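1. What follows is a protein structure lacking sequence information:
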């Protein structure tokens, strides 16, 4: 069976995270590939991005399902001697820049950003930031961004548009 459109979008988000490097003009460098729905990240894996697919809402329109799923993206990094709030803000800015841009910065077209027009109708940033700051003995900080991703599928066929 083919992957669903939703699964393809999740895989695209994982692949897209690989562009977040200072070489590509971002403020942070994240290790690729991004992790998928991992609650525990080993400090040796940092800096890392974790992709969290969330529930979706759907409506039936003219023989199609119009879907909007949320995807939360977390960036986690060591902050060293820098202020953790400053590092968290850089992470948030990079996440927004990466997932809202339609620019393809990946070297391989096979792993490109099919944000538009292939599968994704729109991506909207709905919120993000840092919920908690580290204790004095901790040296890592994270920030997250949540995006609503709109797409359509054929009625009764989640693998086709």
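-> Noted; the coordinates are in hand. As the structure is a computational prediction, the values presented were derived from the model and not from experiment.
2. ok, now how distant is the residue at the greatest distance from the centre of the chain from residue 148?
-> Distance from the C-alpha centroid of the chain peaks at residue 62, with 30.0 Å (Cα atoms, centre = their mean). From residue 62 across to residue 148, the span is 21 Å (Cβ to Cβ, to the nearest Å). From N, CA and C alone the C-beta is placed, and that goes for glycine too.
3. Same check on residue 121?
-> Taken as Cβ to Cβ, the span from residue 121 to residue 148 is 11 Å.
4. now do residue 138
-> Taking Cβ to Cβ, one finds residue 138 at 31 Å from residue 148.
5. Quick one: the helices in the protein, in order.
-> 5-16, 84-100 (DSSP state H).
6. Among those helices, which one carries the weakest average confidence?
-> Ranked by mean pLDDT, those bottom out at helix 5-16, with a mean of 92.
7. quick check: angle from the lowest-mean-pLDDT helix or strand in the chain to helix 84-100?
-> Within the chain, no helix or strand scores below helix 5-16, which has a mean of 92 by mean pLDDT, DSSP states H and E. Helix 5-16 and helix 84-100 are oriented at 130 degrees to each other (axes from the mean of the first three to the mean of the last three Cα atoms, to 10 degrees).
8. Once you drop chain neighbours, what's closest to residue 56?
-> Spatial nearest neighbour of residue 56, excluding adjacent residues (Cβ to Cβ, 6 or more residues apart in numbering): residue 69 at 3.5 Å.
9. What of residue 28?
-> The nearest residue in space to residue 28 (Cβ to Cβ, 6+ apart) is residue 94, at 5.1 Å.
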